[in-house]
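S.K.: from the sequence below, what's the structure:
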Amino acid sequence: MHPHFQILLECIELEEKEQLQRYRLDQQHSLKSLKAEGLALHPIIVTRKSFGYADYPEISFKLSFPPEANMFKDGAAIECFCAGEEPVKGILMSLDGRSGEFRLFAPDFPDWIEDDGVGIKLAPDTRTTGIMKKSLQELETNKSLYKLFEQFHGSEQITTEVHVFDTSSLTFRNPNLNTSQQQAVLAITLNDHCTIVHGPPGTGKTTTLIEAITQLIKAGEKVLVSAPSNTAVDNIARGLLKEGVNLLRVGNLSKVDETIFAHTPEGKLANSRQQKEIRQLKMQAEEYRRMAHKYKRSFGKAEREQRNLLFKEVKNIRIEIKKLQAYNEEKLFGEAQVIAGTPIGLYDANIHHLHFQTLVIDEAGQCIEPLAWCLFPMAEKIVMAGDHWQLPPTVLSFAAARLGFNRSILEIAIARTQNVYLLNTQYRMRPAIAGFSSNYFYNNLLLTAAYLPNIGRHICFIDTAGSGTTEMPGPDGSSLQNEAELRIIQQLLERESLDPLRTAFISPYAGQVTAARELLPKELRTSTIDSFQGQEKETIIVSLVRSNEEGDIGFLKDYRRMNVAITRAKEQLFVIGDSATIGADAFYNAFLTYIEQEGSYRTVWEFEM
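M.R.: Residues are numbered from 1 along each chain as shown. From the prediction side, this is the model:
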């Protein structure tokens, strides 16, 4: 076995242990501390109950508070709990602002689901880790993939040779693609093993992938499309549907729009004869549940046995429904030109027997390596797209991170793959906003579209050095805040006449975001940098928070987070920080020098403190 197999398996074990430890709700881990760390949402207000596609209980809920819920990603394993009751396992289907939806793995809703004090918390995702372990262990028997694994983890540094293709050899459906996008599309159509599309912020990565996938379909290929999040999958799915692609969207879905729902198995089978059979089975299951509900919380042994028998019947019906669905979906899988879903969504669809020529993984910079190896066996050829200079995958275990578990499959592959195609023109930002990132991260290769010239000053640093303002722990002690920076932002919004609806406030620290939601206008989008990746606004205000005599900048040291922060603004970027604290760091020193040359440099003394 390759030594890196052992490292990855060890990392998965470490991550599992960390999840078990971190997500526990007991005397050592209070509900207050879980909420403070963003690992629990409590209390929730149940707004709707229903039985979903596979007859599992599904619950819509809202929150009376704005959550900072970086960790509550769609598809996350959760537990629904209430004090004094046995928690129920489930999966988060969506969380959008203050409302969300989750599915419970139970025959019915818990009796206490609408009681006061119900909440959800993250739970160890042993199923995903189990799938990752199994996929790694099976890898040795797949000769071509094992060879790819050895290539990715070899010592030889590959020199990228960018082939220049004759673009006249292909008729592009989208006539607006630039040269670098056309070259990437051609590379994907001619790919015989593994190709990478490196898409820095605003460079039209999704547009490029949609063109490439439609070209592959035109050439007769069946394509598998994946991304680590449902949001990213839906984004590319919408583009493909606009091109008239026969697409099937699989996975744990809830708040998909009507356009995408029509292309899910449930949407496609909505009026079929088989769906009527499923509805009959669901009615039967509902009758058993109704009978079981006659037995309330306090009952004797005989009643408990009767209730358990009734719920056993519900489970048997659910198995029957799943069999019917699988039978019906088989035809849909065969007809689809593209099947799209998250890695686990595709794995669960049981489509391993189908023949896909190309697998496309979007946002591969957010995909941990073992999850990619779950997908790679499903297709002959691999295309990965993303940007390894933006935020890496989230890993809880520091020990696993030290072993490299937070290195994405894109970061690993890009150093060992010859076929890397950079999308070199960004269409989002003014040149002054994009300039520092282009210089520091992209070797000055990132150009700006000609229609976006600099008009005045588009980037500004407001320096709090020497004002005596310091970072402070938040009230829960789990994150940092800097009240002085928030007071500056209040004045900045007024002085610059910034439209709150076209402005976003972002910060690396959840504590600062929580404080900002109390002080800043409600219409203003406030978010951690991590949650804001992939989004944009006309104006962005970044609060760096760190201000101390030691020059300690904490996880501002992950410069990729800063790269995300400073590439979200289209017209105007304001960064607020303490130059005395951050300036000793070479990266931030270079950033401050850049702003002095290309932007405006202001001090705290201009503001009333």
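
S.K.: the stretch 1-150 of the chain: helices as residue ranges?
M.R.: 3-22, 31-36, 126-139, 143-152 (DSSP state H, counting those that start in this stretch).

S.K.: nearest spatial neighbour of Ala340, chain-adjacent residues omitted?
M.R.: Val225 (4.1 Å; Cβ to Cβ, 6 or more residues apart in numbering). Every residue, glycine included, has its C-beta placed from N, CA and C.

S.K.: ok, now which ones touch the one you found?
M.R.: 213, 233, 236-237, 240, 338-341, 359-360, 362 (Cβ atoms under 8 Å, 6 or more residues apart in numbering).

S.K.: and the residue nearest the centre of the chain, how far from Ala364?
M.R.: The residue lying closest to the centre of the chain (Cα atoms, centre = their mean) is Ser229, at 4.3 Å. Separation of Ser229 from Ala364 (Cβ to Cβ, to the nearest Å) stands at 12 Å.

S.K.: thinking again about what came up before, Gln182: which of the helices of the stretch 1-150 of the chain is closest?
M.R.: For the helices of the stretch 1-150 of the chain, proximity to Gln182 was assessed by Cβ to Cβ; helix 143-152 is nearest, at 26.9 Å.

S.K.: if you count neighbours, what's buried in the helix or strand following that closest one?
M.R.: With elements assigned by DSSP states H and E, the helix or strand that comes after helix 143-152 is helix 179-190. The neighbour-count check on helix 179-190 (16 or more other Cβ atoms under 10 Å) flags 180-189 as buried.

S.K.: cool, and stretch 5-25?
M.R.: 5, 8-9, 11-12, 14-16, 18-19, 22-23, 25.

S.K.: show me where the chain dips below the pLDDT cut-off.
M.R.: 27-28, 68-69, 156-162, 252-256, 295-300, 476-478, 609 (pLDDT under 70).

S.K.: for Glu411, give me its contacts.
M.R.: 365, 388, 392 are the contacts of Glu411 under Cβ under 8 Å, 6+ apart.

S.K.: ok, and the most crowded of the residues you listed?
M.R.: Gly365 (27 neighbours; other Cβ atoms under 10 Å).

S.K.: how many other residues sit next to the closest residue to that one other than its chain neighbours?
M.R.: Excluding the flanking residues, the one nearest Gly365 by Cβ to Cβ, 6+ apart is Gly386, at 3.6 Å. A count of nearby residues for Gly386, using other Cβ under 10 Å, gives 27.

S.K.: tell me the phi and psi of Gly386?
M.R.: phi 160, psi -160 (degrees, to the nearest 10).

S.K.: could I get the helices of the stretch 1-150 of the chain as TSV with distance to Ala449?
M.R.: As requested, the helices of the stretch 1-150 of the chain are exported to TSV (distance: least, Cβ to Cβ, whole Å):
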stretch	distance to Ala449
helix 3-22	41
helix 31-36	43
helix 126-139	40
helix 143-152	34
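
S.K.: related to what we said a few turns ago, in CSV: the contacts of Val225, plus distance to Leu492, neighbour count and secondary structure.
M.R.: CSV is the format used below for the contacts of Val225 (distance: Cβ to Cβ, whole Å; neighbours: other Cβ atoms under 10 Å; DSSP: H, G, I helix; E, B strand; the rest coil):
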residue, distance to Leu492, neighbour count, secondary structure
Ile213, 43, 28, helix
Val233, 37, 28, helix
Ile236, 36, 25, helix
Ala237, 39, 26, helix
Leu240, 41, 24, helix
Val338, 46, 26, strand
Ile339, 48, 23, strand
Ala340, 42, 29, strand
Gly341, 43, 26, strand
Leu359, 46, 22, strand
Val360, 42, 27, strand
Asp362, 36, 26, coil
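
S.K.: which among the residues you listed gets closest to His153?
M.R.: Comparing the contacts of Val225 against His153 with Cβ to Cβ places Leu359 closest, at 19.8 Å.

S.K.: coming back round to it: need the contact list for the residue nearest to the centre of the chain.
M.R.: 73-75, 342, 363, 366.

S.K.: go again using 7 Å as the cut-off
M.R.: Each residue near Ser229 by Cβ atoms under 7 Å, 6 or more residues apart in numbering is listed here: 73-74, 342, 363.

S.K.: who wins for neighbours among the residues you listed?
M.R.: Each of those was scored for neighbours by other Cβ under 10 Å, and Glu363 scores highest at 27 neighbours.

S.K.: returning to that earlier point: so what sits opposite the residue nearest to Ala340 in the bridge?
M.R.: Ala340, Val360 (DSSP bridges).

S.K.: how far away is the closest residue to Ile351 other than its chain neighbours from Gly341?
M.R.: The shortest distance from Ile351 to any non-neighbouring residue, by Cβ to Cβ, 6+ apart, is to Phe333 (5.6 Å). Distance, Phe333 to Gly341, by Cβ to Cβ: 11 Å.

S.K.: OK, contacts around Trp373?
M.R.: If you count contacts by Cβ under 7 Å, 6+ apart, Trp373 has them with 135-136, 139.

S.K.: could I get these as JSON lines with distance to Asp348?
M.R.: JSON lines is the format used below for the contacts of Trp373 (distance: Cβ to Cβ, whole Å):
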{"residue": "Ser135", "distance to Asp348": "13"}
{"residue": "Leu136", "distance to Asp348": "18"}
{"residue": "Leu139", "distance to Asp348": "20"}
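
S.K.: tell me the one among these nearest to Pro265.
M.R.: For the contacts of Trp373, the nearest to Pro265 is Ser135 (23.7 Å; Cβ to Cβ).

S.K.: the nearest residue to the closest one once chain neighbours are set aside: how many residues sit nearby?
M.R.: Nearest non-adjacent residue to Ser135, counting by Cβ to Cβ, 6+ apart: Cys374, 4.3 Å away. Using other Cβ under 10 Å, the number of residues around Cys374 comes to 20.

S.K.: I figured Cys374 hits Ile131, correct?
M.R.: Yes. Between Cys374 and Ile131 there is a contact at 5.8 Å, judged by Cβ atoms under 7 Å.

S.K.: any shared contact partners between those two?
M.R.: Common neighbours of Cys374 and Ile131 are listed as Tyr347 (criterion: Cβ under 7 Å, 6+ apart).

S.K.: name the element the residue nearest to Ile351 belongs to?
M.R.: Per DSSP H and E: helix 301-335 holds Phe333.

S.K.: which elements pack onto that helix?
M.R.: helix 265-268, helix 273-292 (3 or more Cβ pairs under 7 Å, 6 or more residues apart in numbering; DSSP states H and E).

S.K.: and which of the contacts of Glu411 is nearest to Lys294?
M.R.: When these are compared against Lys294 (criterion: Cβ to Cβ), the nearest one is Pro392, at 52.6 Å.

S.K.: quick one: the closest one from Ile412, how far?
M.R.: 11 Å.

S.K.: list residues touching both of those two?
M.R.: In contact with both Pro392 and Ile412: no residue, using Cβ under 7 Å, 6+ apart.

S.K.: where do the helices sit along the stretch 501-609 of the chain?
M.R.: According to DSSP H, counting those that start in this stretch, the helices that the stretch 501-609 of the chain contains are 510-519, 529-532, 559-565, 579-582, 586-598.

S.K.: closest to Thr417 out of these?
M.R.: Using Cβ to Cβ, the nearest of the helices of the stretch 501-609 of the chain to Thr417 is helix 559-565, at 19.9 Å.

S.K.: roughly how far is the closest one from the heart of the chain?
M.R.: 16 Å (Cα atoms, centre = their mean, to the nearest Å).

S.K.: can you check stretch 54-64 too?
M.R.: 21 Å.

S.K.: could you do stretch 470-484 as well?
M.R.: For stretch 470-484, the distance to the chain centre is 27 Å (Cα atoms, centre = their mean).
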